Every structure is written in structure tokens, then in C-alpha cells.
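**Student:** pasting a predicted model and its sequence here:
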Amino acid sequence: MSGHNKWSKIKHKKGAADAKKGKIYTKLIKELTIAAKIGGGDPDGNPRLRTAIAAARAENMPNDNVDRAIKKGTGELEGVSYEEFSLEGYGPAGVGIIMDILTDNRNRAVAEVRSALDKNNGKMGASGSVSYNFKTMGVFSIEKGNLTEDKIMETALDAGLEDIQDEGDGFYLTCAPDKFADVKDALDKIGAKYISAEVAKVGQTTVALTGADVGRMVKLLDRLEELDDIQKVHHNADMDEAELEKLAG
């Protein structure tokens, strides 16, 4: 399993993700809005919007919320003007971190990210210092249930599925980012239950964390994910699962 996925999977099993559903919706709405603003409100002609809609549906966002966000982007409803960019930094033991920003105030966003890093065993990095090691991919973590690897391959391979890993109680799937919506449509047809489904920047090499560094990394990730201007946090930490289980309680 990709290192970035372990913590989200464990939080899902513990039910901790539900408490952050409102914040997840806020971030998804911002992505839907800017995707529609840049490429128009028709998902068939706007791959980024189609991917955003697929991600929203994976989180069970109501259709009314999706429609309003799109209309704000197209100008049919009044909305906020956002700027998007990424910041790079480091966590404990030199873990690489990329933070995708979507904000209406660049100076505030940069200052808040720098403060969060400085106060939680991290530091800001220069542009390009981390991103060279990351690849953008469509990433799915799904419960196994009655699904088999053969069934998933049979259904999703033609849609663009590139790799599947059996994790015992579930499957970890990857695809090209522009195939995310197609693969999700295929998985929906066979009743896949999602632990997570997103387009993410995945570290091509990882940094193993054990002991106290796991707790430090989780604290830093939680703090960064709390910031309203951060859409997504990507990292290449491979955290010890036993330590993560302890932290999840």
C-alpha cells in the first residue's frame, strides 16, 4: 500500500473520518467550483470537473451541493474567486510534503502553512524540492467484501485501471489521473465500497517512520488538513501500522 494511504485507512476503520465530513465537503465544493470556472459546467467536456464530481460522489455528497458548486463556478450563482497553487515542505525525518492550496488570500494561506509546519516538526521547502519525487495518480482503497481481484480486473481494466494490490481486507487500486472518473464508474457498477477515492500525488520513494516520529507526523498532517486553504496534503511517509493503530485508539 502507498504510505500516504495508511493513516486514512485506519481512521476510516475507526470511524474518525465521519467527524471531518463537513470540512471534506467544503474542500470538494471549492474544487468543483474552480473546475467549472476553468473548464465550464459540462463534465463530458471538462475532465477535471468530471473527476471532481466522481470524488464528491465517493464521499456521498448530495447532488444539490454539487450542482450549486458548479453553478458558482460558471457564474450562474454568486461565488468566491480562488487562486490555486502548491507549497512544498518537510516533516519529521525528512518526509516530503506537498500541500495543494485553493484560496482567496494567498498571503494568508502561505503564512498559515508556514506556521503549522514550524510549530509541528516541519519546515517549508523551496519549489521543486519535493515534487520531483511525486507522481499524480488516481488512487482507490476499497473494502474487499464479495469482490475478487479477477472481478475488479474484468470490470475496470478497460476503464483504465493500471494496478491492483490485495491488502487482505481490501484492495488498493491505481490509474492515470484522467481515468479516475472512468475507473470509479466501473467500480460503482460492481458495488465497490470506498475507504478512499481521490486523485493524489503519490511518493515514488518513501521514508519509513517508527516510534515517536509517527505521532509527530500524524499531528502535523492533522494540523495541515485543518487549514481551510489547503485542499489536499500529500506525503511520502511510510508509517508503522502498529503505531498508527495505537494513535487511532
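**Tutor:** Done, it's in.
**Student:** where does this protein dip in pLDDT?
**Tutor:** Counting by pLDDT under 70, the chain contains low-confidence residues at 1-21, 249.
**Student:** identify the residues contacting the lengthiest helix in the chain?
**Tutor:** With residue count as the measure and DSSP state H as the assignment, the chain has helix 21-39 as its longest helix. By CB atoms under 8 Å, 6 or more residues apart in numbering, the residues outside helix 21-39 that reach it are 17, 45-49, 51-53, 55-56, 59, 61, 65-66, 68-75, 79-80, 82, 84, 102, 225-226, 228, 231-232. Any C-beta I mention is one placed from the backbone N, CA and C, and that applies to glycine too.
**Student:** wait, Ala116 sits on Leu221?
**Tutor:** No - using CB atoms under 8 Å, Ala116 is not in contact with Leu221; the gap is 10.1 Å.
**Student:** helix, strand or coil for Asp158?
**Tutor:** Following DSSP: H, G, I helix; E, B strand; the rest coil, we place Asp158 in the coil state.
**Student:** and what of Gly41?
**Tutor:** coil.
**Student:** if I pick the residue nearest to it when sequence neighbours are not counted, what's in contact with it?
**Tutor:** Closest residue in space to Gly41, ignoring its immediate chain neighbours: Thr74 at 4.3 Å, by CB to CB, 6 or more residues apart in numbering. Applying CB under 8 Å, 6+ apart, one finds that Thr74 lies in contact with 36-37, 40-41.
**Student:** may I have the host helix or strand of Phe180 exported as PDB, CA atoms only?
**Tutor:** Of the helices and strands defined by DSSP states H and E, Phe180 is found in helix 180-189. What follows is helix 180-189 as a C-alpha-only set of coordinates in PDB (Å, rounded to 0.1, in the frame of the first residue of the first chain):
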ATOM      1  CA  PHE A 180     -10.200   8.400 -12.400                       C
ATOM      2  CA  ALA A 181     -13.800   9.000 -13.200                       C
ATOM      3  CA  ASP A 182     -14.000   6.100 -15.700                       C
ATOM      4  CA  VAL A 183     -12.500   3.700 -13.200                       C
ATOM      5  CA  LYS A 184     -14.800   4.900 -10.500                       C
ATOM      6  CA  ASP A 185     -17.800   4.400 -12.800                       C
ATOM      7  CA  ALA A 186     -16.600   0.800 -13.400                       C
ATOM      8  CA  LEU A 187     -16.200   0.100  -9.700                       C
ATOM      9  CA  ASP A 188     -19.600   1.600  -8.900                       C
ATOM     10  CA  LYS A 189     -21.200  -0.900 -11.200                       C
END
